[in-house]
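here is my input, please return the structure:
(chains A and B)
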2 protein chains.
Amino acid sequence: MLHCDTLIAPQWCAPVAPANGLLSDHAVVVNDGRIADLLPIAEARLKYQPSVFIERPGHLLIPGFVNAHTHAAMTLMRGLADDMPLETWLGKGIWPVEKRWVGAEMVRDGTELAIAEMISGGTTCFSDQYFYPEIVAETAVDLQMRVMVGTPIIEFPTAWASTIDEYLNKASDLVHDPYADHPLVSTCFAPHSANALSDESFVDLRVLADQLDVRIQMHLHESTIEIERALKKDGQRPIGRLQKLGLVNTSLLAVHAIHLSDAEIEIFAESGVHVTHCPKSNLKLASGLAPVAKYRRAGINVAIGTDSAASNNCLDMLEEMRTAALLAKAQASDAAAISASDALRMATLDGAEALGLAHETGSIETGKWADLACVDLNRLHSQPLYDPISQLVYTARAEQVTDVWVAGRHQLDKGRLTQIDTASLLARCNEWRDRFASSTN
Amino acid sequence: MLHCDTLIAPQWCAPVAPANGLLSDHAVVVNDGRIADLLPIAEARLKYQPSVFIERPGHLLIPGFVNAHTHAAMTLMRGLADDMPLETWLGKGIWPVEKRWVGAEMVRDGTELAIAEMISGGTTCFSDQYFYPEIVAETAVDLQMRVMVGTPIIEFPTAWASTIDEYLNKASDLVHDPYADHPLVSTCFAPHSANALSDESFVDLRVLADQLDVRIQMHLHESTIEIERALKKDGQRPIGRLQKLGLVNTSLLAVHAIHLSDAEIEIFAESGVHVTHCPKSNLKLASGLAPVAKYRRAGINVAIGTDSAASNNCLDMLEEMRTAALLAKAQASDAAAISASDALRMATLDGAEALGLAHETGSIETGKWADLACVDLNRLHSQPLYDPISQLVYTARAEQVTDVWVAGRHQLDKGRLTQIDTASLLARCNEWRDRFASSTN
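Residues are numbered from 1 along each chain as shown, chains lettered A, B, ... in the order given. Got it, this is the predicted structure:
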């Protein structure tokens, strides 16, 4: 018998890769934080002696979700400014609060709330874009959550940095130390959007990103206003400008990417650009419907992200995945446009691929980190059960996520967060709410 | 002190009418199944002596949801045939199973599963359209749920009836007896769609509906194919044909109503037709995006329904209401198109209005039935809390519904169904699943 740390025996397992199908009565063997084996339960019982044996009848085990776009700290602004057009939302709701309150402590508490919600809903990795990325990384490490932190880069002074040089220096510092080869943290550059930087700054950024081998994620073609303004200012659409500046390549994560011409879709496909689709935020801010089925058919990798809780208002990848699947069908006028299996892959492995982490997470394959979520399908509203993956995508709610492991650590144990003191967290959130509520107009 | 059956003291109350706002620290007094009073908790404590006193700090009390369009028994086909275009879904998934298995017992079990799910999610009234409506009504009465049963009317033989006369006779029997003036059950006629009946049958139906004073609900302008076929067959669009036959009036519930011309919108508004919006089903079957903000601006009453669990796949009015609000924003390119308060009203009082029950349910007003739902907002993903109604609409999940009353009966008590043996129910559902799974092609 071989020793292993944990043996997980769900009723079904959807490994996503190498095949995106369903396994029944298989066990996942976890050792040293990684997936050591995936084999029939009967064989596993004979072969392995686990320290911990987890049996979950009626449950489906899936790779943990990759939430490919968040502004985690903004979870403290959940519901602060709803039902407002984008400009009002920013101008009256978000910016006054950010100007007054963004700081290390706010980012720490907001990120902790976000991580608590994400783990509870089966997310094991998130790609963040906010001020104080070093605090986001620190908080994720403290709570043992996987993160790709995006360092903000913008051509005006904020509490975090003043000049473009300071932004770039701080960003490259973070890449080097202490997060080179960290088991949980990776880094990327996150200029806010194409209009946030001059041509010169984008060129500097590209050179630096190439040197450091990090990705660049930014909001891109999120709204028609953004494109119209760029046309007026630069005489070209943002994607065209970025292409000329050498940024349209496999290192680019285009977040939202709602309004693309056919030529731009072709450019993205040929260049290997990744798209992060944020369906609920796109609906709530009335930004539009991204034609993701068309993108996928063209060969573009499409990840799924919740965006911030201030424009969603959840960090719930089950609901986000469901919305992505449903919306794609209507957008494409084709009920088969995105299947349940497609949606699960987008929310896991395709997200990992977009973050450059597909060799480490996003599927239940031997050698990858044991980033896993177990979902109870034995609930009234998931019954009767014909197809577990279909039921997961079209019916499951976050409360059905019973267990979550990040790098093999049991982060959610029968619905209970093991690393987070939720009473203390909620008390701190209420303090921030009182401060923020006094700052909105 | 006055005696009362139940005193409910939530932290907040959203009565929806007469004002669609928020009350803090108010109590609802329930007596003989009806709302006897709504007043500040401090005053209620001095004035009333309740048999049962329910305190719910951190909870929001709302009118129970009105699910304005279901095919409850089809809950047994949840997930039986996903990711298929409408024609394939019907031809290969649904119809073979219905042909083989629809009967009184199947309708009873499926309806019980639907009611269990609906009560668990805060729904206290549903408008159903399926075969064996007498069994739907009987099941609802057994489980003490409010229902409007729609009697199927279609010009071909099914297990329930053979000729149009038999359909109409069975339908009018049900209206008369035993459900005239029943406290929980009302009835309506439910021809499947405009192409299901000849002109003559529609005229007979209208005369009968007028005599009996019942509503007519039908799928109408759900798909472009439906409209194209009607143009080819009748030389006119279904709404135009129904208008000439005298059916376009305040008694008509147009279900789906996705594809309306501006002229048709005007006709609906002027005639007082009610629209039942089924956003998730419309997405899943790729039927299209109904411009509901436009309808409401034109003055059309818009209710919300889940449609069947076979094309949704949930009967979850919280998620349906959220999807309706989010989708309307994107559809109208206006983030303010449907506010959280608007969405709550659509899912409650506007639904009751569509069913002709606005004098009996749909808001927390003295004299109406005590059809109520209590929602716990003290969860991580609903925090911090700036606006309870906004948080309800944009973040709440069915698991947060802790208590539900239908006509004053405590149907869900701290998350536990009081009238339904869920173990026995799930066992019966599994038997149906095994039967159905053997019938699909």
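
just give me the neighbour total for A:Glu155.
For A:Glu155, the tally of surrounding residues (other CB atoms under 10 Å in any protein chain shown) stands at 14. To be clear about C-beta, it is placed using only N, CA and C from the backbone, and glycine gets the same treatment.

distance check, it against A:Val175.
Counting by CB to CB, to the nearest Å, the separation of A:Glu155 from A:Val175 is 20 Å.

ok, now A:Cys374?
From A:Cys374 to A:Val175 the distance is 34 Å (CB to CB).

these two: who's more crowded?
A:Cys374 (24 against 20).

residues contacting that one?
Listed by CB atoms under 8 Å, 6 or more residues apart in numbering or on different chains, the contact set of A:Cys374 reads A:8, A:10, A:54, A:56, A:59-62, A:401-404.

what about it, which SS state?
strand (DSSP: H, G, I helix; E, B strand; the rest coil).

okay, and the beta partners of it?
For A:Cys374, the beta-bridge partners are A:Leu61, A:Asp403 (DSSP bridges).

tell me the pLDDT at it?
A:Cys374 is assigned 98 on the pLDDT scale.

same thing with A:Asn441?
Predicted confidence (pLDDT) for A:Asn441: 54.

now do stretch A:409-424: distance to the chain's middle.
20 Å (CA atoms, centre = their mean, to the nearest Å).

then stretch A:28-44?
For stretch A:28-44 - counting by CA atoms, centre = their mean - the centre lies 26 Å from the chain centre.

buried stuff in that stretch?
Along stretch A:28-44, these residues count as buried under the neighbour rule (16 or more other CB atoms under 10 Å in any protein chain shown): A:28-31, A:33-39, A:41, A:44.

in strands, which of those appear?
Of those, the ones assigned to strands by DSSP state E are A:28-31, A:34-39.

quickly check those residues for the two that are furthest apart.
Within those, A:Arg34 and A:Leu39 form the most distant pair, 15.3 Å apart (CB to CB).

just give the number of residues close to A:Lys368.
A:Lys368: 21 neighbours (other CB under 10 Å).

what sits against it?
Counted by CB under 8 Å, 6+ apart, A:Lys368 has contacts A:34-35, A:359-362.

from chain B, how far out is it?
27 Å (CB to the nearest CB, to the nearest Å).

which residues are in contact with the residue nearest to the spatial centre of chain A?
Centroid-nearest residue in chain A: A:Asn67, 1.7 Å away (criterion: CA atoms, centre = their mean). Residues in contact with A:Asn67 (CB under 8 Å, 6+ apart) are A:118, A:123, A:125-127, A:304-306, A:315, A:317, A:320, A:351.

among the residues you listed, name the ones in strands.
Reading strands off those with DSSP E, I get A:123, A:125-127, A:304.

who wins for neighbours among those residues?
A:Thr123 (33 neighbours).

just checking, that one touches A:Val66?
Yes - checked against CB atoms under 8 Å, the pair A:Thr123 and A:Val66 is within contact range at 7.4 Å.

I'd like to know which of the contacts of A:Lys368 is nearest to chain B.
A:Gly362 (22.0 Å; CB to the nearest CB).

where does the closest one land in three-state SS?
A:Gly362 ends up coil, using three-state DSSP.

dump the residue contacts of the residue of the stretch 101-250 of chain A found nearest chain B.
Of all residues in the stretch 101-250 of chain A, A:Glu117 sits closest to chain B, at 4.7 Å by CB to the nearest CB. Contacts for A:Glu117 (CB under 8 Å, 6+ apart) come out as A:75, A:309, A:314-316, B:380-381.

can you rerun that using 6 Å?
Contacts here follow CB atoms under 6 Å, 6 or more residues apart in numbering or on different chains; on that basis A:Glu117 touches A:315, B:380-381.

which two in the buried residues of stretch A:28-44 are spaced the farthest apart?
A:Gly33 and A:Ile41 (21.8 Å).

picking that back up, okay if I get the contacts of A:Glu117 as a markdown table plus neighbour count?
As requested, these are arranged in a markdown table below (neighbours: other CB atoms under 10 Å in any protein chain shown):
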| residue | neighbour count |
| --- | --- |
| A:Leu315 | 31 |
| B:Leu380 | 21 |
| B:His381 | 26 |
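
roughly how far apart are the residue nearest to the centre of chain A and chain B?
Distance from A:Asn67 to chain B, by CB to the nearest CB: 13 Å.

that residue - that's part of a helix, no?
No - under three-state DSSP, A:Asn67 falls outside any helix and is assigned strand.

the residue lying closest to it once chain neighbours are set aside: what's it in contact with?
Leaving out its chain neighbours, the residue that sits closest to A:Asn67 by CB to CB, 6 or more residues apart in numbering or on different chains is A:Phe126, at 4.2 Å. By CB under 6 Å, 6+ apart, the residues touching A:Phe126 are A:67, A:70, A:147.

what pairs with A:Phe126 across the strands?
Here A:Phe126, judged by DSSP bridges, has bridge partners A:Asn67, A:Val147.

and the pLDDT for it?
For A:Phe126, pLDDT reads 98.

do the same with A:Ile225
So A:Ile225 comes in at 92 (pLDDT).

so who does A:Arg297 touch?
With CB under 6 Å, 6+ apart, A:Arg297 has no contacts at all.

and what of A:Ala398?
A:Ala398 touches A:120-121, A:316, A:318, counting by CB under 6 Å, 6+ apart.

cool, A:Ser198 as well?
Per CB under 6 Å, 6+ apart, neighbours of A:Ser198: none.

repeat that for A:Leu349.
With CB under 6 Å, 6+ apart, A:Leu349 has these contacts: A:16-17, A:362-363.

name the nearest of those residues relative to B:Phe436.
A:Val16 (27.9 Å).

any idea how far that closest one is from A:Leu22?
11 Å.

what are the contacting residues of the helix or strand of chain A with the lowest mean pLDDT?
The helix or strand of chain A with the lowest confidence, counting by mean pLDDT, DSSP states H and E, is helix A:86-88 at a mean of 80. Here helix A:86-88 makes contact (CB under 6 Å, 6+ apart) with A:Leu285.

counting neighbours, which bits of it end up buried?
Buried residues in helix A:86-88 (16+ other CB under 10 Å): A:Leu86.

now find how far off-centre it is within its chain.
Worked out by CA atoms, centre = their mean, helix A:86-88 lies 24 Å from the chain centre.

and after it, which helix or strand comes next?
As assigned by DSSP states H and E, the chain's next helix or strand after helix A:86-88 is helix A:95-101.

contact residues of the stretch 1-150 of chain A facing chain B?
The stretch 1-150 of chain A comes close to chain B at residues A:79-80, A:82-85, A:116-117, as judged by CB under 6 Å from any CB of the partner chain.

ok, which stretches of the stretch 101-250 of chain A are helices?
A:104-120, A:133-143, A:164-176, A:199-212, A:224-234, A:238-244 (DSSP state H, counting those that start in this stretch).

so stretch A:433-441, near chain B or not?
Yes - judged by CB under 6 Å from any CB, stretch A:433-441 comes into contact with chain B through A:Arg433.

so how far is that stretch from its chain's centroid?
28 Å.

again, but for stretch A:294-306
14 Å.

OK, contacts around A:Ile8?
So A:Ile8 contacts A:28, A:54 (CB under 6 Å, 6+ apart).
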